[in-house]
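**Student:** need a structure here:
(one chain, ligands or ions: 1)
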Amino acid sequence: MSYELIQNKKVLVMGLGRFGGGVDSAKFASANGADVLVTDIACANELEDSIKQLDGYERIEYRLGEHHEEDFQKADIIIANPAVPENNQFLQAAKRSGVIVTSQVGIFFEYCKAKTIGITGSNGKSTTTALTYHLLKNSSSDDYNNVWLSGNIGNEPMLMLLDKIESNDLVVLELSSFQVEQLAAESKGPDVALITNLLPNHLDRYGTFENYCDAKEKIFAHQGAQPVSIFNSEDEIIYKWYQKYNSESARRCITYKASDMPEKIQTEFKLPGEFNLSNLAGAMSIVKLFGVSDESIAKCVGDFRSLPDRLELIGEKDGIKWYNDSKSTTPGSAIAAVNAFNEPVVLIAGGYDKKLPFDKMGEVVAGKAKAVILIGETAGKIKTSIEKNATENKKPIIKICEKLEQAVSFANTKAAAGDVVLLSPGCASYDMFDNYQQRGRQFIEAFKTLSK
Ligand code: ADP
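**Tutor:** Numbers count the residues shown, from 1 in each chain. Down below sits the predicted model:
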């Protein structure tokens, strides 16, 4: 395929990222004959892993540790990392100079030949996206050929897939709110759009919950000629959006809820937690659009396993089940995880402070947890909110630990046979770890050390 936007152009990739956020864009630009400048405020040693992935790609230069305004003005096109807000001073300067500003997801949508399914929301994006892919991949239907999984879910990066995707395929994409905004800025959107739920998140970037919801709603703004918009009717705000959009004659609007599920499908499904039924209901409402039957879903849904770091059962020791839910990076997801168990829960929580409120989490944890071990920047805030909600009968033991290993050892002393030990931080990991995956790995390591 020919990618005129990039071919033989001066392409600036803004934000390589320590975990390779810009790697796909830089590879794609280089592979298509562009002169590439990769710029990042982080310096070379912090970006070592990402830079290594670009070994062998030609015509790539680097400006690291700082940005230079003239680099942005001299470029033909800028591919901005989703983490860079639209009002960034360098992007603004580039736009004033007439430079095209786009993004990885913007380029993907420009050139993708197949129908796109975009899934966003505060929680359950990855699970709903992976479930949708699993059900489509393992069913046969005349409505599509091949299925691809990409986006924020971190498997195959979007741009390097472009050459493989055919027009009769389907692409299932997890979209972060930042990616949704980048798409909307270019008047683009998926053919099928679904929002799982809305809970406060990323308030450090958006300021208010309202601004955050506005960013998510943009997924419906530019869905093309035959838009299909899917709404979780159990979420108050999303249901209001359904009522609003349903009055548009060109748009097909669909609602779903966890209790819609046929019993034979529910009994086959292995993931714990009511919220995972909601994720499955969302995925089912998508796959049914493409001719997948209930019988086919019932046949393959039982093979779907939790993704790593999402309520993942990592082992059982002395009758205690240990779950790794490191991907829980909002109070809402920690609440959902705690509520997924009928057994007494020993919870390990806390982490980087995204300035989200912990009142509701404090209430639920005080009511349900047997003990809570807190780590990270938010430990004090979460402790206060649990104590506020504790009563004479419901008063979990609370302990603050410096390190995750200590939290694991303490949890082990407080749990008894029949209990669940759950790492569901309700916070991002950046205060103590590189990312949630590293936090999950350290949790598993610490658990294994206990079992030795
Ligand atoms: P995301 O990609 O939106 O972060 P994931 O599917 O990776 O969502 O799940 C992350 C965590 O969020 C899970 O481990 C679980 O604790 C919680 N979670 C998942 N789905 C839901 C849901 N529908 N409602 C509330 N919390 C959820």
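**Student:** Around the ligand, which positions in the chain sit nearby?
**Tutor:** Within the chain, the positions near the ligand by C-beta under 6 Å from any ligand atom are 121, 123-127, 196-197, 275, 278-279, 310-311, 325, 327-328, 332-333, 336-337, 424. For glycine as for every other residue, the C-beta is placed from the backbone atoms N, C-alpha and C.
**Student:** ok, 8 Å please
**Tutor:** 121-130, 152-153, 174, 196-197, 199, 273, 275-276, 278-279, 282, 307, 309-311, 325-330, 332-337, 340, 424 (C-beta under 8 Å from any ligand atom).
**Student:** Can I get stretch 82-100 in PDB? Just the C-alpha atoms.
**Tutor:** The C-alpha coordinates for stretch 82-100 follow below in PDB (Å, rounded to 0.1, in the frame of the first residue of the first chain):
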ATOM      1  CA  PRO A  82      -1.300   9.800  23.000                       C
ATOM      2  CA  ALA A  83       0.200  11.000  26.300                       C
ATOM      3  CA  VAL A  84       0.900  14.500  24.800                       C
ATOM      4  CA  PRO A  85      -2.100  16.800  25.300                       C
ATOM      5  CA  GLU A  86      -3.400  18.700  22.300                       C
ATOM      6  CA  ASN A  87      -2.500  22.100  23.800                       C
ATOM      7  CA  ASN A  88       1.200  21.200  24.200                       C
ATOM      8  CA  GLN A  89       3.200  24.300  23.300                       C
ATOM      9  CA  PHE A  90       5.400  22.400  20.700                       C
ATOM     10  CA  LEU A  91       2.400  21.000  18.900                       C
ATOM     11  CA  GLN A  92       0.800  24.400  18.900                       C
ATOM     12  CA  ALA A  93       3.900  26.000  17.400                       C
ATOM     13  CA  ALA A  94       4.000  23.300  14.700                       C
ATOM     14  CA  LYS A  95       0.400  23.900  13.900                       C
ATOM     15  CA  ARG A  96       1.000  27.600  13.600                       C
ATOM     16  CA  SER A  97       3.700  26.800  11.100                       C
ATOM     17  CA  GLY A  98       1.300  24.700   9.000                       C
ATOM     18  CA  VAL A  99       2.800  21.300  10.000                       C
ATOM     19  CA  ILE A 100       0.400  18.400  10.000                       C
END
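**Student:** pLDDT on it, on average?
**Tutor:** Mean per-residue pLDDT for stretch 82-100: 93.
**Student:** again with stretch 113-129
**Tutor:** 96.
**Student:** Repeat that for stretch 282-291.
**Tutor:** Here the mean pLDDT over stretch 282-291 is 98, rounded to a whole number.
**Student:** Repeat that for stretch 409-420.
**Tutor:** 97.
**Student:** in that stretch, what counts as buried?
**Tutor:** Buried residues in stretch 409-420, counted by 16 or more other C-beta atoms under 10 Å: 410-412, 414-415, 419-420.
**Student:** What residue in the stretch 101-250 of the chain comes nearest to the ligand?
**Tutor:** Minimum separation of the stretch 101-250 of the chain from the ligand (C-beta to the nearest ligand atom) falls at residue 124, amounting to 2.9 Å.
**Student:** these two touch, right, that residue and residue 279?
**Tutor:** Yes. Using C-beta atoms under 8 Å, residue 124 makes contact with residue 279 at a distance of 4.5 Å.
**Student:** For those two, indicate the residue with more neighbours.
**Tutor:** residue 279 (29 against 24; other C-beta atoms under 10 Å).
**Student:** Dihedrals phi and psi, the more buried one?
**Tutor:** phi -60, psi -40 (degrees, to the nearest 10).
**Student:** close enough to count as contact, it and residue 131?
**Tutor:** Yes. Between residue 279 and residue 131 there is a contact under C-beta under 8 Å: 6.1 Å.
**Student:** show me where pLDDT drops low in the stretch 101-250 of the chain?
**Tutor:** Residue ranges of the stretch 101-250 of the chain with pLDDT under 70: 154.
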